[in-house]
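Peer 1: let's see this in three dimensions:
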Amino acid sequence: MTPAASIAALLRADALRWHLLGVVAGLHLRDGWIAAGFVRNAVWDHLHDRAPRAPDGDVDVIYHDPDDATAERDRDLERQLAQLAPGIDWSVKNQARMHLRNGDAPYRSSVHAMVNWPETATAIAARRIDGEVCEIAAPLQVDDLLGLVLCPGPDFREDKRAIFEQRVASKRWLERWPQLVVRDA
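Peer 2: Residues are numbered from 1 along each chain as shown. Here you go, the predicted structure:
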């Protein structure tokens, strides 16, 4: 089984995460995924021999639709998701406009946007296809995620290094998952 297939199997075995992936799939978003901590935390919990648990914090839904890149569309989608799956803190962001916030060149897709994220282990996403298939996108690979390594993404190794360090400290990842190791690239 490939590393991506093992992550997909882990998500499929988690009833709540599998359900939430189906809820997002039902919106039929262009290039839509659930990303970041939704996948990362499930993997880290599994590697720390913890049972599956509800996502803590927000559930990051990303998509790439240059035809309607308004923040209002994101808020509308968050309201729809809150009705479909109450009790989940949904955060929806169209990656077709996120380059403006981040000071980057325009992103060509959701996966291209993830290349610019602060940590390699966070640059991962999942989606359900045809109801039964779990597709994994990991443009910065899954080695760090599966190896319990916190490493800054390419854009956060020098000029934006302080942002990476602040995230590691504020999110208390090293306390929550004590087997994690911080490494440079």
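Peer 1: which element follows the lengthiest helix in the chain toward the C-terminus?
Peer 2: For the chain, the helix that runs over the most residues, judged by DSSP state H, is helix 71-84. Going down the chain from helix 71-84, the next helix or strand is strand 89-94, by DSSP states H and E.
Peer 1: what is that following strand packed up against?
Peer 2: For strand 89-94, the packing partners by 3 or more Cβ pairs under 8 Å, 6 or more residues apart in numbering; DSSP states H and E come out as strand 58-63, helix 71-84. C-beta coordinates here come from the backbone N, C-alpha and C atoms, glycine included.
Peer 1: can you rerun that using 10 Å?
Peer 2: Counting contacts by 3 or more Cβ pairs under 10 Å, 6 or more residues apart in numbering; DSSP states H and E, strand 89-94 packs against helix 15-25, strand 33-35, strand 58-63, helix 71-84, helix 110-114.
Peer 1: for C151, find the nearest of these.
Peer 2: helix 110-114 (14.3 Å; Cβ to Cβ).
Peer 1: export that closest one as CSV, just CAs?
Peer 2: The C-alpha trace of helix 110-114 is given here as CSV (Å, rounded to 0.1, in the frame of the first residue of the first chain):
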residue,chain,number,x,y,z
SER,A,110,-5.8,24.1,-4.9
VAL,A,111,-2.8,21.8,-5.0
HIS,A,112,-0.6,24.6,-6.4
ALA,A,113,-1.7,26.8,-3.5
MET,A,114,-0.7,24.1,-0.9
